[in-house]
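**Student:** below is the sequence, then the predicted model.
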Amino acid sequence: MNGVIDESTRGFEPGRQTIDPDNTLCPTCPGNTFEDYVSGTGVEKRFGKKPAEITDTAVWDELAKFLAYGVNTTVAYWSPDVVVLGGSMMREVGIPVDRVQEHLKEIFHITADMPNVVKATLGDLGGLYGALAYAQGKGAE
């Protein structure tokens, strides 16, 4: 936030937020949390195959909608200027970021201006850059 990595006492776990308490949105999902709905592990449990093997665009659009639900709640807590989505579910065969943005437009009523949703560009190095930024910030104290 404000150009600085946000700190917490116990770490942030937006993946553990409840998306659907009674699984009415997705009776076949393996649980009711954000990660149960859109993580690679959750998707594999639900469909019985690796996400990269799923070719049905309707499935990917549904996952984009579920991801938008989680992003919406996360934005309510942190009010970011931009939401960066990365990881295995955001690859070429994966959740289309433009569809996440479109679904978010339909449900976002938190503030007048909605944050932009973009795909991560640092790939596997993103965590290293985050760790470096965190370490540099700690050294400045």
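**Tutor:** Cool, the structure landed.

**Student:** so who does residue 120 touch?
**Tutor:** If you count contacts by CB atoms under 8 Å, 6 or more residues apart in numbering, residue 120 has them with 84, 85, 86, 87, 90, 126. (C-beta placed from N, C-alpha, C; glycine too.)

**Student:** and residue 103, which of the three is it?
**Tutor:** Counting by DSSP: H, G, I helix; E, B strand; the rest coil, the backbone at residue 103 sits in helix.

**Student:** I'd assumed residue 64 was in contact with it.
**Tutor:** Yes. Under the criterion of CB atoms under 8 Å, residue 103 makes contact with residue 64 at 5.7 Å.

**Student:** quick one: which of the contacts of residue 120 is nearest residue 135?
**Tutor:** residue 126 (15.0 Å; CB to CB).

**Student:** next one: that closest one from residue 99, what distance?
**Tutor:** According to CB to CB, to the nearest Å, residue 126 and residue 99 sit 22 Å apart.

**Student:** and the two? Which one has more around it.
**Tutor:** Neighbours were tallied for residue 126 and for residue 99 using other CB atoms under 10 Å; the higher tally belongs to residue 99 (19 against 14).

**Student:** I'd say the more buried one and residue 60 touch.
**Tutor:** Yes. Residue 99 is within contact range of residue 60, at 7.4 Å (criterion: CB under 8 Å).

**Student:** give me the neighbour count for residue 51.
**Tutor:** Neighbouring residues of residue 51 were enumerated by other CB under 10 Å; the total is 23.

**Student:** that one contacts residue 92, doesn't it?
**Tutor:** No. Using CB under 8 Å as the test, residue 51 is too far from residue 92 to be in contact (11.5 Å).

**Student:** who does the helix or strand bottoming out on mean pLDDT in the chain touch, helix- and strand-wise?
**Tutor:** Sorting the helices and strands of the chain by mean pLDDT, DSSP states H and E puts helix 126-139 at the bottom, at a mean of 74. If you count contacts as 3 or more CB pairs under 8 Å, 6 or more residues apart in numbering; DSSP states H and E, helix 126-139 packs onto no helix or strand.

**Student:** which of the residues in that helix are buried?
**Tutor:** Buried residues in helix 126-139, counting neighbours by 16 or more other CB atoms under 10 Å, are absent.
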